[in-house]
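> sequence first, then the predicted structure, then my questions.
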Amino acid sequence: MKVYHSDLHALHAPAFEIFDGGEKIPSFETPERVECILQALRADGRFEILPPEQWSLDPIRAVHDEGYLTFLETAFTDWMREPTDYEKTALLPSTFALSRRAGRVPASILGRAGYYMMDLSAPIVAGTWQAALASAHCALSAARLISSLRSAVQTSVSAFALCRPPGHHAGRAFCGGYCYINNAAVAAHWLTQFGNVALLDVDYHAANGTQDIFYERADVLTLSIHADPAEEYPYYWGYADETGAGEGKGYHQNFPLPFGVDDTTYLKTLERALERIATYRPAFLVLSAGMDIYGQDPLGRIRVTTAGIAEIGRQIAALALPTVVVLEGGYHNAALGTNLLAFLEAFHAA
């Protein structure tokens with residue numbers, strides 16, 4: 001399997017995030033996550049690790065608002081120019097737009113931050129824009145590979161986008177939850193020029209950004225298996241009755257799960273999601289793979305084992321679809337490489 005990875009991810013290294021209750025803590029989403037994965041992949045020896053191709057902004061603009069992308073690109077520079085005595089290692093706002101009125105984007109950098117940011121877990125630092133672009137380029141490069149290799153005798157080709165920062169909490173015009181550009185959504189939209197796409201998210205947290213981007217579209221079927229948002233981040237998206245709107249009605253499905261779910265229950269839920277994908281008959285699958293479903297993950301309360309993660313990979317691979325696997329969450333660094341390797345082995349033969 002080919003793996004797309006960029007060293008530029010390390011440019012995004014926030015020193016802190018604001019955690020539940022307002023506590024300022026070291027960020028869980030660190031460059032070390034990628035190093036743990038690379039170590040496991042290189043030790044295995046069956047994965048070809050490649051730099052991503054360079055892309056224009058066009059495929060990213062196709063799923064993200066132009067003003068939002070401009071904000072991401074310029075926010076930290078604008079923050080550094082502010083004549084204040086605030087700490088400026090990272091940009092985070094203190095106010096948020098509960099409703100965003102069209103055309104009312106504040107001139108103030110702090111106002112714009114509150115307009116385009118969903119929460120306090122996506123600080124913007126000097127290298128965030130470059131890292132986020134490179135992450136999206138990894139997903140696009142993997143998408144181009146599977147589209148070029150797809151044939152009647154090689155339908156199950158797959159590639160892995162080692163994306164950092166992750167993306168599935170980034171909506172059309174907002175960042176949050178460690179996510180800035182929705183890598184999986186960018187890849188999925190790009191693939192629609194060749195046929196319909198299913199986008200399955202198996203991260204611990206609901207794929208609210210992905211839901212926001214595709215909610216009114218029928219050419220991308222989106223499904224998310226996650227902890228119940230009534231009790232877990234992102235709280236305001238991810239409920240079972242959210243099924244799409246307009247042309248997209250019936251083309252989005254959430255599978256909220258209670259805390260403590262084990263391998264057996266998770267796999268039964270996955271079976272329902274895979275049945276929906278099979279009925280949809282997509283040309284491609286984009287898979288948002290979050291390893292924070294692991295039972296010991298510090299940010300998760302679903303109890304899937306490494307063996308369960310491997311079985312999830314096997315069952316998804318059985319769809320035999322050209323697949324882009326995109327890294328999302330996973331914060332138990334000691335087990336992250338092992339878990340992801342177990343997951344990817346299901347796709348290796350393709």
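Done, it's in. Note that the structure is a prediction, hence the values are computed from the model and not measured.
> do you have the strands of the stretch 51-200 of the chain handy? List them.
158-161, 197-201 (DSSP state E, counting those that start in this stretch).
> tell me which of those sits nearest to Ala310.
strand 158-161 (15.2 Å; CB to CB). All C-beta atoms are positioned from the backbone trio N, CA, C, and that covers glycine.
> so which bits of that closest one are buried?
Neighbour-count burial for strand 158-161 flags Ser158, Ala159, Phe160, Ala161 (criterion: 16 or more other CB atoms under 10 Å).
> I'd like to know which elements it is packed against.
With contacts defined as 3 or more CB pairs under 8 Å, 6 or more residues apart in numbering; DSSP states H and E, the secondary structure elements packing on strand 158-161 are strand 2-4, helix 128-149, strand 323-327, helix 333-348.
> touching it from outside, list them.
The list of residues contacting strand 158-161 from outside it, by CB atoms under 8 Å, 6 or more residues apart in numbering, reads 1-4, 47, 135, 138-139, 141-142, 145-146, 183, 187, 317, 322-327, 344, 347, 350.
> pLDDT weak spots in this structure?
Along the chain, the model assigns pLDDT under 70 to residues 101-102, 151-155, 349-350.
> centre of the chain to the top strand by length along the chain, how far?
With DSSP state E setting the assignment, residue counts place strand 220-227 as the longest strand in the chain. Here the centre of mass of C-alpha atoms in strand 220-227, compared against the chain's by CA atoms, centre = their mean, to the nearest Å, lies 12 Å away.
> what's the helix or strand just after that strand packed up against?
Next helix or strand after strand 220-227 toward the C-terminus (DSSP states H and E): strand 252-257. Under the contact criterion of 3+ CB pairs under 8 Å, 6+ apart, strand 252-257 touches helix 208-214, strand 220-227, helix 263-280.
> include mean neighbour count when you put those into TSV, please.
Rendered in TSV, the data for the helices and strands packed on strand 252-257 read as follows (neighbours: other CB atoms under 10 Å):
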stretch	mean neighbour count
helix 208-214	27
strand 220-227	26
helix 263-280	15
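> now distance to Ser288 too, for those, in TSV please.
Listed next are the helices and strands packed on strand 252-257 as TSV, based on distance: least, CB to CB, whole Å:
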stretch	distance to Ser288
helix 208-214	7
strand 220-227	8
helix 263-280	12
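> and Ile18, which of the strands of the stretch 51-200 of the chain is closest to it?
Distances from Ile18 to each of the strands of the stretch 51-200 of the chain were compared using CB to CB; the minimum, 24.8 Å, belongs to strand 197-201.
> packing partners of the closest one?
For strand 197-201, the contact count by 3+ CB pairs under 8 Å, 6+ apart identifies helix 183-191, helix 208-214, strand 220-227, helix 263-280, strand 284-289 as packing neighbours.
> do you know which of the ones you listed lies nearest Ser99?
The minimum distance between Ser99 and the helices and strands packed on strand 197-201 falls on helix 208-214, with 14.6 Å, by CB to CB.
> roughly how far is the closest one from the heart of the chain?
11 Å.
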